[in-house]
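Below are the sequence and a predicted model for it; my questions follow.
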Amino acid sequence: MKRAWILFALALPACPQAKIDWDKQKAESLLHFRNLIQIDSRAGNETKVVAYLRRVLEAEGIPTKTFAQEPARANLVARLKGNGSKRPLLILAHTDVVGVQTEKWPVDPFGAILKDGYIWGRGSVDDKPVLTANLMVMLLIKRSGMALDRDVIFLAESGEEADTTGVGINFMVKEHYSEIDAEFSLTEGGGANIEDGKVVRMDIGTAEKVPARARLIATGTSGHGSVPRMDNPLIHLGAAVDKVGRWRTPMRLNDTTRTYFEKLATMSTPEKAAWYNGLLNTASAEASQDYLQQNEPQAYSMLRTSVVPTMFKAGVGANVIPSEAEATLDIRALPDENIPQFYAEMGKIINDPEIKIEPLPATRPGSPATSLNTEMYRVLERVSKQMYPGITVIPSMSTGASDKAQLRSKGQQSYGIGPAGTLNDRLKYGAHSDVERLAEASLYPFVEFVWRAVTEIAAKQ
Ligand SMILES: [Zn+2]
């Protein structure tokens, strides 16, 4: 009997899922999560987080390296070596958090207080859950002694929220890319959705829009406010902003957004499903867009390069016609947009020689959408379904921008993940809000989710 069992065990393929007792990991996950939130890491304080991570990783025998363009804003890299048969996997999270208006918070924003089943504090959603899960996964792989086919690289990066000097991902990509070069990367920008107490949908971030902001500048003749002039730049600028603000730019679906709306339809009410499916068919696309524009502006934005006027600047006095007026447009382009051609199109819509379009400097590189046809995407899909049977997995395109852009522009297939939350969590207690909080019950399964995804793609097969 014993002999037969040994033979059987030898015949099994190497199991990538080393057995983890997940109940036993809870206390440590919570400890790191709370400790990380308690480090006030608003821009300029990231090195404090790096010091913590270095201490924890090195205590387990995982060597770390730090890279800093500014001493107080360091980045940390740790690498678990594989046998090199496959290219590395990068798991990254940012260490900085956005600012706080302490008086608006119901609790200490850096207290990491546990109350009503939630951990409250700045960074509890953005981005310390991912940072904690990545840290735990590094520790657990190391402790398990698991053999790896590919290196697993851990990056804790500074300055994701505010990086005017390029201390974080820009610095790492520009100066130390060999340290984080990978085939796949996992970071913030996705998550699971809970409805009626059940995880029903997993969003995997596979694409994002590209900021392509511009200014509209109107020029005319200055003069006395008592004398009407038709070349008054405010009149021209007002008309131009009206036109571009109402412009329905061309709708264009890509792999991610087409799959997104198709899959969303399969799990929606018949009425909503009809609107989503309507996008896929020329005859009904216009009506579906009208519906989304009114009711789901975020989804509407996913269909197109969007143009949103955000700032006006003009005038020096109530009685002075200025010679110049300008408006800022927050343009968010589809990943494959030809930007110069788009500006030219916008010029035709404005149709006014008094208006000049001036592109603003790019804040992120253009980034192609990540493929849905990769081993990593399949693993994320499989792991989601193993952990939450019956779940729908949906690739999503963010209308905002993230550090995945820089990685994608270097050819990495970069995916966004995140812990589970309800719609209420997202709307009221989400990233950057004054009551940021994460359900304790969402933290632990997320650590397990990242572990499963990382080990499935990286463990020796
Ligand atoms: Zn973030």
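Received it, and whenever you're ready, just let me know what you need.

out of everything not next to it in sequence, what's closest to the closest residue to the ion within the stretch 251-400 of the chain?
Going by Cβ to the ion, the ion is nearest to G400 of the stretch 251-400 of the chain, at 9.7 Å. (C-beta placed from N, C-alpha, C; glycine too.) With sequence-adjacent residues excluded and distances taken as Cβ to Cβ, 6 or more residues apart in numbering, G400 is closest to E208, at 6.8 Å.

tell me which parts of this protein are close to the ion?
D126, D127, E188 (Cβ under 5 Å from the ion).

Just send these back as CSV, with secondary structure, neighbour count and pLDDT too.
Shown next, in CSV, are the residues of the chain next to the ion (DSSP: H, G, I helix; E, B strand; the rest coil; neighbours: other Cβ atoms under 10 Å; pLDDT from 0 to 100):
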residue, secondary structure, neighbour count, pLDDT
D126, coil, 23, 96
D127, coil, 28, 97
E188, coil, 24, 97
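
Tally up the residues packed near the residue nearest to G400, please.
Per other Cβ atoms under 10 Å, the neighbour tally for E208 reads 26.

Quick check: it touching Q406?
No: counting by Cβ atoms under 8 Å, E208 does not reach Q406; the two are 11.3 Å apart.

hey, what's in contact with both of these two?
Taking Cβ atoms under 8 Å, 6 or more residues apart in numbering as the contact rule, E208 and Q406 both touch S367.

OK, contacts around the residue nearest to A318 when sequence neighbours are not counted?
Leaving aside its chain neighbours, A318 sits nearest to G225 (6.5 Å; criterion: Cβ to Cβ, 6+ apart). Residues in contact with G225, defined by Cβ under 8 Å, 6+ apart, are G317, A318, N319, V320, I321.

Distance check, G225 against A239.
Distance, G225 to A239, using Cβ to Cβ, to the nearest Å: 19 Å.

Can you name the residues bridging to the residue nearest to G400?
Applying DSSP bridges to E208 gives these bridge partners: S398.

and it, what does it touch?
If you count contacts by Cβ under 8 Å, 6+ apart, E208 has them with G189, P335, S367, M397, S398, T399, G400, A401, S402, K404, A405.

Ramachandran angles for the residue of the stretch 301-450 of the chain found nearest the ion?
Of all residues in the stretch 301-450 of the chain, A431 sits closest to the ion, with a separation of 6.3 Å (Cβ to the ion). The phi/psi pair for A431 (degrees, to the nearest 10) reads phi -50, psi 140.

do the one 5 residues further on as well
E436 adopts backbone torsions of phi -60, psi 130, taken as degrees, to the nearest 10.

pretty sure it contacts Y429?
Yes: with contact defined as Cβ under 8 Å, E436 reaches Y429; the gap is 6.3 Å.

The two: who's more crowded?
In this view E436 and Y429 are compared by other Cβ under 10 Å, and E436 has more residues nearby, 25 against 20.

Contacts only, for that one.
Contacts for E436 (Cβ under 8 Å, 6+ apart) come out as P109, W120, G121, R122, G123, S124, V125, D126, Y429, G430.

what's the burial count for the second one?
In this case it means W120. There are 22 residues near W120, going by other Cβ under 10 Å.
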